[in-house]
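# predicted model follows, preceded by the sequence.
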Amino acid sequence: MIVRNMKDIVGTDNEVSTDTWTSRRVLLKQDGMGFSFHETIIFPGTETHIWYKNHVEAVFCIEGDGEIETVADGKKYALGPGVVYALNDNDEHYLRGGKEPLRVICVFNPPLTGKEVHDADGVYPLPDAQAA
């Protein structure tokens, strides 16, 4: 059994931050679950271009507000508590923070190793293409 407390992740190598978000990587590839599990905070007033060419992701919004816009069709969706979205088709998108920090819980398949940050195209590399 794996039991982790978020307070034990804050400030460690499993907390990764950029100018637009902070991600706390709770379960990773090395945990052997077949997926990875993260808590992410999207900063207010920010925009992040994301295109998970190598992963699918499901996201559950816990608190705050924001917006997601799909690049292919320009559709925008309001994000807030209780909203779930799934990037089941490797959807290229913009994730925008609203007025309050947007706190989300994310699941990735294939699982992340924990060191990923988006490249210039908004992509995470395949897990086998990086050191665990």
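Everything's here; your move.
# shaky segments in this structure?
Low-confidence segments of the chain (pLDDT under 70): 115-132.
# please state the offset of stretch 36-50 from the chain centre?
6 Å (Cα atoms, centre = their mean, to the nearest Å).
# contact partners of it?
6, 18-29, 64, 66, 92-109, 111-112, 114, 118, 121-122 (Cβ atoms under 8 Å, 6 or more residues apart in numbering). In this view, the C-beta of every residue, glycine as well, is placed from N, C-alpha and C.
# give the ChimeraX command for selecting the buried subset of these.
Selecting only the buried entries of those in ChimeraX, with 16 or more other Cβ atoms under 10 Å as the criterion:
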select :20,21,23,24,25,26,27,28,29,64,66,92,93,94,95,96,97,98,101,102,103,104,106,107,108,111,112,114,118,122
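# now W21: how far from I41?
Distance, W21 to I41, using Cβ to Cβ, to the nearest Å: 6 Å.
# next up, the contacts around V26.
4, 6, 9, 14, 37-39.
# what do you get if the cut-off is 10 Å, keeping everything else the same?
By Cβ atoms under 10 Å, 6 or more residues apart in numbering, the contact set of V26 is 2, 4-6, 8-9, 14, 36-39, 105-106, 114.
# same check on G74?
Taking Cβ under 10 Å, 6+ apart, one finds Y94 in contact with G74.
# ok, V83 next?
V83 sits in contact with 59-62, 65-66, 68, 77, 102, 104, where contact means Cβ under 10 Å, 6+ apart.
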